[in-house]
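Asker: here you go, sequence then predicted model.
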Amino acid sequence: MVEATSLLSANAVRERAHKLLALGLDNRLPHFRVDLAKLDAVADLVLTVTQKAYPTGDIPFHSRWRHFVVDGADRWAGIADRGTWPDAAARARAEFDLAITSVLLDAGAGPAWRYHDAATGKQIGRSEGLALASLDMFVRGAFSARTDAPLRVDAEKLARLSVGDLERGFQVSADNRLVGLEGRVELLRRLGELIARRPDVFAIKDGARPGGLFDHLVGRTDKSRIEAPTILSELLIQFGPIWPSRITLDGVALGDCWRHPLLASSDGTSDLVPLHKLSQWMTYSLIEPLQRAGIDVVDIDGLTGLAEYRNGGLFIDGGVLVLRDADDAARAHAVDSPLVVEWRALTVALLDRLAELIRQRLGHNAESLPLAKILEGGTWATGRKLAFERRTDGSPPLKVISDGTVF
């Protein structure tokens with residue numbers, strides 16, 4: 001059990017990612033060469049994108065909340081600020097409900113899917129479109145079991161969610177297909193079932209709902225103070241059983257954790273590479289609701305970068321990572337393939353290296369410019385920019401077979 005839970009942490013993600021990078025710098029990885037000489041140019045690109053997006057230097061955290069802002073209008077803030085909340089905790093529970101559900105629906109949409117935004121008339125794809133679709137469903141009460149309280153997510157409603165519900169909410173049709181639709185629905189159903197079974201965690205001060213995790217985390221605070229890696233560990237422990245059947249160790253589901261043959265150790269964790277992308281994205285997205293409720297979230301830089309295709313694409317398109325077999329760019333790869341695991345882990349480690357370069361250029365440290373702001377500024381947007389410059393549909397440089405539950 002101890003070996004398994006040791007992998008359910010940001011520290012384990014960072015430690016093992018850097019071990020693979022060390023192998024890459026020794027030219028010992030089977031799928032990628034690492035060219036650190038290109039990292040300075042990538043840092044310059046990220047700085048240019050960041051300064052254009054945030055000319056005052058006031059960069060928010062990378063989180064789901066940024067995707068609820070359309071044409072400068074913060075959709076959620078407009079709704080929440082007009083709401084009548086009994087106290088700060090009630091709003092925080094609703095924001096936990098929204099963030100958790102929306103993040104779990106946020107795995108890659110594919111290049112073709114679009115969401116028609118009624119407010120602007122725009123066709124919006126990818127993460128931004130997924131965010132608006134989930135927000136609109138939430139506001140309509142699609143996840144609530146109470147007709148008098150739409151702005152909530154209830155366990156019983158999630159457990160009954162159908163593919164048709166998500167098809168309607170996400171405007172899916174034969175001409176507007178969404179990658180991994182069934183996987184997303186099944187993930188939310190399992191979430192509902194899990195929450196209903198754990199009232200001690202999710203129904204401390206209200207009915208069973210994802211937002212009940214707020215009260216559980218408050219119970220873990222020390223004088224209204226909590227470390228960001230603690231939030232992640234709680235998410236990984238509490239939500240572990242919802243993920244599709246993958247690797248387990250000592251009966252513990254390891255979630256977004258995969259094998260790479262070169263990462264050997266002498267214990268039961270040998271070859272295992274934890275990445276926890278969606279869970280870390282969720283953690284970043286829970287920081288602001290906690291702060292609004294008066295909880296001081298510290299050690300935000302204890303979290304890692306996100307092992308997903310925009311950050312990963314940044315390093316391939318920027319020339320830092322080079323495929324040993326160029327033909328691999330045209331092949332489709334399973335998410336558990338050593339090539340994809342290698343790519344994602346290298347992405348995490350290289351984001352740390354890149355963050356240090358950017359801080360040096362700007363005269364900041366990790367406290368004043370945490371990785372969460374560099375990601376937002378930042379690496380994710382630059383990865384997307386390079387993707388569209390190199391491929392007309394903005395697709396990532398590698399094709400990954402996704403079930404809608406990884407990235």
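Answerer: Alright, I've got the coordinates.
Asker: quick one, what contacts the residue most central in space within the chain?
Answerer: Nearest residue to the geometric centre of the chain (CA atoms, centre = their mean): W281, 2.7 Å. Counting by CB atoms under 8 Å, 6 or more residues apart in numbering, W281 touches 63-64, 103, 106, 306, 308. (C-beta placed from N, C-alpha, C; glycine too.)
Asker: list the buried residues for the top helix by length along the chain?
Answerer: In the chain, taking DSSP state H as the definition, the longest helix is helix 338-362. Residues of helix 338-362 classed as buried: 338-352, 354-355, 357-359 (neighbour count, 16 or more other CB atoms under 10 Å).
Asker: check the gap between the residue nearest to the centre of the chain and E227 for me.
Answerer: 18 Å (CB to CB, to the nearest Å).
Asker: equivalent analysis for L254, please.
Answerer: When L254 is compared with E227 (using CB to CB), they lie 22 Å apart.
Asker: okay, these two: which has more neighbours?
Answerer: Neighbours were counted for L254 and for E227 using other CB atoms under 10 Å; L254 has more, 22 against 19.
Asker: settle this for me: that one is touching L8, isn't it.
Answerer: Yes. The criterion here is CB atoms under 8 Å, and L254 meets it with L8 at 7.4 Å.
Asker: what touches both of the two?
Answerer: In contact with both L254 and L8: 240, 274, using CB under 8 Å, 6+ apart.
Asker: report the contact partners of S134.
Answerer: 98, 101-102, 105-106, 169.
Asker: and those residues, which is closest to L151?
Answerer: Using CB to CB, L98 comes nearest to L151 of the contacts of S134, at 7.9 Å.
Asker: nearest spatial neighbour of the closest one, chain-adjacent residues omitted?
Answerer: Nearest non-adjacent residue to L98, counting by CB to CB, 6 or more residues apart in numbering: F138, 5.2 Å away.
Asker: and the one you found, that one's in a helix?
Answerer: Yes. Using DSSP: H, G, I helix; E, B strand; the rest coil, the assignment for F138 is a helix.
Asker: is it true that it touches D97?
Answerer: Yes. With contact defined as CB under 8 Å, F138 reaches D97; the gap is 7.4 Å.
Asker: now the common contact residues for those two.
Answerer: Both F138 and D97 are in contact with 151, 153, where contact means CB under 8 Å, 6+ apart.
Asker: my guess is T304 meets R14, correct?
Answerer: Yes. At 5.0 Å, T304 and R14 qualify as touching, with contact defined as CB under 8 Å.
Asker: ok, those two, which is more surrounded?
Answerer: Higher neighbour count among T304 and R14: T304, with 28 against 20, using other CB under 10 Å.
Asker: and that one, what does it touch?
Answerer: Residues in contact with T304 (CB under 8 Å, 6+ apart) are 10, 13-14, 17, 280, 348, 351-352, 371.
Asker: pull up the per-residue confidence for Y54.
Answerer: Note on Y54: pLDDT of 94.
Asker: nope, L323 is what I was after
Answerer: pLDDT, L323: 98.
Asker: same check on D206?
Answerer: In the predicted model, D206 carries a pLDDT score of 96.
Asker: repeat that for Y284.
Answerer: For Y284, the pLDDT comes out at 97.
Asker: how about the one 10 residues further on?
Answerer: In the prediction, the pLDDT value recorded for G294 is 97.
Asker: wait, doesn't it sit right on K223?
Answerer: No. Between G294 and K223 there is no contact under CB under 8 Å: 11.3 Å.
Asker: name the residue in these two with the higher neighbour count.
Answerer: The neighbour count for G294 versus K223, taken as other CB under 10 Å, is higher for G294 (12 against 6).
Asker: would you say D327 is within a strand?
Answerer: No. Looking at D327 with three-state DSSP, it is helix, so not inside a strand.
Asker: roughly how far apart are it and L398?
Answerer: Distance from D327 to L398, by CB to CB: 12 Å.
Asker: more neighbours: which of these two?
Answerer: More crowded of D327 and L398, by other CB under 10 Å: L398, with 20 against 7.
Asker: separation between S173 and G164?
Answerer: Computed as CB to CB, the S173 to G164 distance reads 12 Å.
Asker: give me the neighbour count for E193.
Answerer: Neighbours of E193 (other CB under 10 Å): 16.
Asker: surely it touches A159?
Answerer: Yes. Counting by CB under 8 Å, E193 does reach A159; the two are 5.1 Å apart.
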